[in-house]
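Asks: coords please:
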Amino acid sequence: MSNTNYQELTEVELRNYVKQHPEDEDAFQHYLSIVRAKPGRVVVSTPEQSLAEFEKRIQTNKHKNQA
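Replies: Predicted coordinates:
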C-alpha cells in the first residue's frame with residue numbers, strides 16, 4: 001500500500017501511476033472503478049472480444065443511420 005491520494009489524481013495521472021507501480025493493487029482497483037463507471041466504455045481482454053465489440057457498434061450505428 002502507498003501513501004498516494006488517488007482521489008487527487010486525474011484519470012491520466014492515475015493511469016500513468018498504475019503503469020509505473022503495477023504492484024500497487026489499491027491504485028489499480030481505484031483506476032478500474034473509474035473506468036468501469038464511465039458509460040460507453042467496454043473493457044475487452046482478447047482481440048476476438050475487441051473485434052466482436054467493433055462489429056456490434058458498427059451494426060448499431062448502421063441501424064441508427066437508417067432510422
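Asks: just the helices in this protein please.
Replies: In the chain, the segments counted as helices under DSSP state H are 11-20, 25-37, 47-66.
Asks: For the second one, buried residues please.
Replies: By 16 or more other C-beta atoms under 10 Å, the buried positions in helix 25-37 come out as 27-28, 30-31. Every residue, glycine included, has its C-beta placed from N, CA and C.
Asks: on that earlier part again, dump the helices of the chain to JSON lines, plus distance to Thr4 and mean pLDDT.
Replies: Listed next are these as JSON lines, based on distance: least, C-beta to C-beta, whole Å; pLDDT from 0 to 100:
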{"stretch": "helix 11-20", "distance to Thr4": "7", "mean pLDDT": "95"}
{"stretch": "helix 25-37", "distance to Thr4": "7", "mean pLDDT": "92"}
{"stretch": "helix 47-66", "distance to Thr4": "31", "mean pLDDT": "89"}
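Asks: what does stretch 42-58 rub up against?
Replies: 35-36 (C-beta atoms under 8 Å, 6 or more residues apart in numbering).
Asks: meant to ask about stretch 13-26
Replies: By C-beta under 8 Å, 6+ apart, stretch 13-26 touches 1-2, 4, 6, 9, 27-28, 30-31, 34.
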